[in-house]
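Q: Provide a 3D model corresponding to the input given below.
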Amino acid sequence: MSRTTFIVLLLLASVLAMVFVALNPQLVTVEIAVQQLHVRQGVVLMIVFVLGLLAGVLLRIQWIAELLRERGRLRRALKIAETRVRAATTAEPDR
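A: Below you'll find the model as predicted:
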């Protein structure tokens, strides 16, 4: 994705978020530990949406890290197999 496309999509998402917040002006009480906050409903929904996105990204990063570890293990196993094949072919007498 080009940088320009990314910036345009980011601006579009920001505008949509602002419209969503403007269309949901009701106040909601949010209790965090011992503190109560009075926040607009749209803001609360946007915060929860962003937290969900971050949780998804973290899970995906964990999955990619597992794939990279597996790829490294397979590469090491391939190198070992290749050296064994080379050693076996050089040890055979010419016919």
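Q: which strand or helix spans the residue nearest to residue 22 when sequence neighbours are not counted?
A: Distances taken as Cβ to Cβ, 6 or more residues apart in numbering place residue 42 nearest to residue 22, at 7.0 Å, with adjacent residues excluded. Heads up, the C-betas are built off the backbone N, CA and C, glycines and all. Taking DSSP states H and E as the definition, residue 42 sits inside helix 41-91.
Q: that helix - contacts with which helices or strands?
A: Counting contacts by 3 or more Cβ pairs under 8 Å, 6 or more residues apart in numbering; DSSP states H and E, helix 41-91 is packed against helix 3-23, strand 27-32.
Q: which stretch among the ones you listed comes nearest residue 81?
A: Evaluated over the helices and strands packed on helix 41-91, closeness to residue 81 peaks at helix 3-23, with 41.7 Å, by Cβ to Cβ.
Q: tell me what angle the closest one forms with helix 41-91.
A: Calculated by axes from the mean of the first three to the mean of the last three Cα atoms, to 10 degrees, helix 3-23 forms an angle of 150 degrees with helix 41-91.
Q: ok, residue 2 to residue 12 distance?
A: 15 Å (Cβ to Cβ, to the nearest Å).
Q: these two - which one has more neighbours?
A: More crowded of residue 2 and residue 12, by other Cβ atoms under 10 Å: residue 12, with 10 against 7.
Q: how near is that one to residue 5?
A: 10 Å.
Q: can you check residue 11 too?
A: Taking Cβ to Cβ, one finds residue 11 at 11 Å from residue 5.
Q: list residues touching both of those two?
A: Residues touching both residue 11 and residue 5 (Cβ atoms under 8 Å, 6 or more residues apart in numbering): there are none.
Q: would you mind measuring from the residue most central in space within the chain to residue 16?
A: Closest to where the C-alpha atoms of the chain average out (Cα atoms, centre = their mean) is residue 57, at 2.7 Å. In this view, residue 57 and residue 16 are 19 Å apart by Cβ to Cβ.
Q: how far away is residue 9 from residue 20?
A: 16 Å.
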